[in-house]
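Peer 1: Pasting the sequence and the predicted coordinates here, then a few questions.
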Amino acid sequence: MTESSGQNGPVGGGRPLRRDAALNRERILHAAREVFGRQGLGVTLDDVARHAGVGVGTLYRRFPTKESLIRALFEEDLRIRQESAENALAHPDPWQGLVDFLTEMTADLAENRGLHEVLMLGEHTSEPIETARGGMLPFLEALIHRAQESGDLRPEVTASDIPVIQHMLYAAAQFTRGRQPEIWRRYLDVLLNGLRRRPDNPALTTPSLSDETVERAMGIVRPAP
């Protein structure tokens, strides 16, 4: 397919793409989402081009590096995750807001290996992605504080527990190798029962990880002061 006829809207503030070029770009992004989602970020741009049904040269004209393709694909996903946290904070029931957020995030991560690697492991990062990842901590702290203030969430829980919980649920989803991809919902229920505050809750005997330890494990890099 040539990149010649018609016009479309601008991309990234540059010149408008011709219609067929814009269609190729969308085809590449759609293929990358499927390939990265199934196989993770280790696949090559050649793999993406093959899945998209376009020539390698066409892909490189739109995305000259793998990092540029990953950035275009996942910045939007991270923005959606932030919107999910904002919606959870606006929920009139603090506990249900927290549950909704955990459920939505786990559903996204369980079916998208590439998103899990970008969000939870810090692979193939960029400044906008790094800002979005690091910016999630205040939302997690606010969600937890609300649920604890309402008396629904046990007081020992911290924001640093949430990424660890997400890793556990992602592992449960991968454990069945696609045979029961929704099995993580069972274990989310188990974890929520443990997170819920009750009069007979025994105290947690192991302290949570520090924010610094979790950020180091996730590959979050804070800018130097």
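Peer 2: Yes, it's here.

Peer 1: continuing past the worst-scoring helix or strand of the chain on mean pLDDT, what's the next helix or strand?
Peer 2: The helix or strand of the chain with the lowest confidence, counting by mean pLDDT, DSSP states H and E, is helix 127-134 at a mean of 68. Sequence order places helix 136-149 as the next helix or strand after helix 127-134, per DSSP states H and E.

Peer 1: Just the C-alphas of that following helix, formatted as CSV.
Peer 2: This file holds the C-alpha atoms of helix 136-149, laid out as CSV (Å, rounded to 0.1, in the frame of the first residue of the first chain):
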residue,chain,number,x,y,z
MET,A,136,-0.1,6.8,40.3
LEU,A,137,1.2,6.7,43.9
PRO,A,138,-0.8,9.7,45.2
PHE,A,139,-4.0,8.2,43.8
LEU,A,140,-3.3,4.8,45.5
GLU,A,141,-2.6,6.6,48.8
ALA,A,142,-5.8,8.6,48.5
LEU,A,143,-7.9,5.5,47.6
ILE,A,144,-6.5,3.6,50.6
HIS,A,145,-6.9,6.6,53.0
ARG,A,146,-10.6,7.0,52.0
ALA,A,147,-11.3,3.3,52.5
GLN,A,148,-9.5,3.2,55.9
GLU,A,149,-11.3,6.4,57.0
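
Peer 1: helices or strands next to it in the packing?
Peer 2: Where contact means 3 or more CB pairs under 8 Å, 6 or more residues apart in numbering; DSSP states H and E, helix 136-149 is packed against helix 66-90, helix 94-110. Any C-beta I mention is one placed from the backbone N, CA and C, and that applies to glycine too.

Peer 1: just these: most buried one?
Peer 2: helix 94-110 (a mean of 20; mean count of other CB atoms under 10 Å).

Peer 1: following it, which helix or strand comes up?
Peer 2: Following helix 94-110 toward the C-terminus (DSSP H and E): helix 113-121.

Peer 1: Buried residues in that following helix, which are they?
Peer 2: Using 16 or more other CB atoms under 10 Å as the test for burial, helix 113-121 gives R113, G114, L115, H116, E117, V118, L119, M120.

Peer 1: same check, this time on stretch 41-61
Peer 2: For stretch 41-61, the neighbour count (16+ other CB under 10 Å) marks L41, V43, L45, V48, A49, R50, H51, A52, V54, T58, L59 as buried.
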